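Trainee: model the structure of this input:
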Amino acid sequence: MDIRRLPAMQGLVWFRQAIDLGSKNPRAVFGAALLLIASLYMAALLMALVLAALVGGGAAAGKTPDIGLLMAVALPMTLLVMFLVPILLGGLMHVVREAEAGRPVRARAVFAPLRGEHGRRLAWLGLVQVGMAVGGGLLLMAAAGSGYWRDYMLAMQAMVQGSTPVLPEPQHPGLMFVLQMVFNYFNYGLILLAIPLMLFSGCGVLDALRLALRALLRNVAANLLAGALFIGAMLVATLVVALLVTLLAMLGGALHPVLGALLALLVMLGFAAVVLVVVVGATHLAWRDTFGDAVPPSMATVHVFEA
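Mentor: Model (predicted):
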């Protein structure tokens, strides 16, 4: 599969187009994003309730909670949630793709990958992300120094107990920062680009990861520009949303505390849905321009008069 070399300014194009993706069918696109959030929240809530029931049952019987049993239950449920994330992201990308093409689609199509072979294989990306997280954690531990994480955990324990912690300093803070940025670029980039490669291009897991890695290396400038624009917009938007949430909580709380909390929750859910749509939409655009059948952005179309 060919990987197109894109100009650096294509990152700006992706960012602009991703902001407008939800306008063609906002009910389906943002509804799908809200269904994704609700599904993950319910899965996490179910895990918390099961663990709370195990802890509460042991406490009622006067026994200390069995850590081994808790881990045996928590680990597979955590993996289940992580397997669910790439599948639902693929479903949201499917909704965005259909809406952008002008085809009829509904919000519940976010669950469409669960019924397809390619969609179900997306679950393996969750396991890939677990492995990358472990490898990245070990790399950061080596850069921070052998005693950094031990002192950091002691500081967190002191904070929980109510005392003032003294945070340790890593041995190589500059190197640690660079490693963190590089790791995040490849970690999130590989997973996000592998989803459309598996779902729309029909690639297997290994082929999708290999092509995604080549695309990340080939179009570093465009990807970094899109990421920088998103992070900058995210910081500004987060500040605005925080002020709005505070204002609505105060105004609604003046009438009833529940009303203030509800208004704040609705604003935060809406903001999370917008962020999801922009990220997933930009990834779909990057896949389309890098691997798809569209005319590459660098190939300008010559406009002529036609009789």
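Trainee: which stretches of the stretch 51-200 of the chain have low pLDDT?
Mentor: Low-confidence segments of the stretch 51-200 of the chain, defined by pLDDT under 70: 55-70, 72-73, 146, 160-163, 165.
Trainee: and if we set it to 80?
Mentor: Applying pLDDT under 80 to the predicted model, the residue ranges of the stretch 51-200 of the chain that meet it are 51-79, 116-120, 140-173, 176.
Trainee: and the helices in it?
Mentor: Taking DSSP state H, counting those that start in this stretch as the criterion, the stretch 51-200 of the chain carries its helices at 67-100, 117-121, 123-144, 148-160, 173-199.
Trainee: JSON lines please, covering those and showing distance to Arg210.
Mentor: All C-beta spots, glycine's among them, are computed from the backbone N, C-alpha and C. Formatted as JSON lines, the helices of the stretch 51-200 of the chain follow (distance: least, C-beta to C-beta, whole Å):
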{"stretch": "helix 67-100", "distance to Arg210": "17"}
{"stretch": "helix 117-121", "distance to Arg210": "15"}
{"stretch": "helix 123-144", "distance to Arg210": "12"}
{"stretch": "helix 148-160", "distance to Arg210": "32"}
{"stretch": "helix 173-199", "distance to Arg210": "9"}
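Trainee: tabulate the ones you listed (JSON lines), appending distance to Phe230 and mean neighbour count.
Mentor: Shown next, in JSON lines, are the helices of the stretch 51-200 of the chain (distance: least, C-beta to C-beta, whole Å; neighbours: other C-beta atoms under 10 Å):
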{"stretch": "helix 67-100", "distance to Phe230": "16", "mean neighbour count": "19"}
{"stretch": "helix 117-121", "distance to Phe230": "26", "mean neighbour count": "15"}
{"stretch": "helix 123-144", "distance to Phe230": "19", "mean neighbour count": "16"}
{"stretch": "helix 148-160", "distance to Phe230": "29", "mean neighbour count": "13"}
{"stretch": "helix 173-199", "distance to Phe230": "11", "mean neighbour count": "18"}
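Trainee: so for Gly270, which of these sits nearest?
Mentor: Comparing those by their distance to Gly270 (C-beta to C-beta), the top pick is helix 67-100, with 15.4 Å.
Trainee: which other helices and strands contact that closest one?
Mentor: With contacts defined as 3 or more C-beta pairs under 8 Å, 6 or more residues apart in numbering; DSSP states H and E, the secondary structure elements packing on helix 67-100 are helix 26-60, helix 117-121, helix 123-144, helix 173-199, helix 257-291.
Trainee: and Met71, how far from Met159?
Mentor: The span separating Met71 from Met159 equals 24 Å under the rule C-beta to C-beta, to the nearest Å.
Trainee: swap that for Asp289, sorry
Mentor: Counting by C-beta to C-beta, the gap from Asp289 to Met159 is 46 Å.
Trainee: try Ala109
Mentor: 44 Å.
Trainee: and Leu139, by the same measure?
Mentor: Taken as C-beta to C-beta, the spacing of Leu139 relative to Met159 amounts to 26 Å.
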